[in-house]
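[1] For reference, the sequence and a predicted model appear below.
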Amino acid sequence: MNVTLGVKLSDKSFLHRARQMWKLPAFLVAFPAVGLALMIALVWDVVELPVRHSIVLYLSSLAVLVISYAWVLLTVRCPSCGARVLWLAVKTKTPGEWFNWVVDLESCPICGSDGSGPQVGQGPDG
């Protein structure tokens, strides 16, 4: 099995079987991008570029941060019942626990699905 985010996933991983694991690395790329944008804004302030450029960059960075955070929380879902698994992890676990808890899941904590079932709103015929 490939190593993702420094975590070795087994074939028993709920996120792996539910095809949701790709969303975590995509999300984690957004945070460094926002940090880089903020650093660029600070450099622009040092070289005295117009304030409006810095404000636009700060606001754009904040928008990317909020949208990416909401996106990942709302879209990492159980394919069977639609439960927002990552939202549940962040809401109920401590900051030091939620990531490992959600990566180590073997089934949906709401419906018990292993993640390989039909997508929400689809019948057995797809």
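    Nice, thanks for sending it over.

[2] what ranges of the chain fall below the confidence cut-off?
    Scanning the chain for pLDDT under 70 picks out 1-11, 42, 44-51, 54, 117-126.

[3] ranges for the helices of it?
    In chain order, the chain shows helices spanning 14-17, 23-46, 51-75, 85-92, 98-104, with DSSP state H as the criterion.

[4] between those, which gets nearest to residue 112?
    helix 14-17 (10.3 Å; CB to CB). From N, CA and C alone the C-beta is placed, and that goes for glycine too.

[5] Can you give the contact residues for the closest one?
    Residues from elsewhere that reach helix 14-17, judged by CB atoms under 8 Å, 6 or more residues apart in numbering: 9-11, 21, 24, 76, 78, 85, 102-103, 105-108, 114-116.

[6] Separate out the buried members of those residues.
    Burial by neighbour count, judged by 16 or more other CB atoms under 10 Å, picks out 9, 21, 24, 76, 78, 85, 102-103, 105, 107-108, 114-115 from the contacts of helix 14-17.

[7] Looking at these, spot the one nearest residue 55.
    residue 24 (31.1 Å).

[8] Find the centremost residue of the chain, please.
    A centroid search over the chain (CA atoms, centre = their mean) returns residue 72, at 3.5 Å, as the residue closest to the centre.

[9] out of everything not next to it in sequence, what's closest to that one?
    residue 27 (3.9 Å; CB to CB, 6 or more residues apart in numbering).

[10] Measure how buried residue 82 is and give me the count.
    Burial of residue 82 is recorded as 14 neighbouring residues (other CB atoms under 10 Å).
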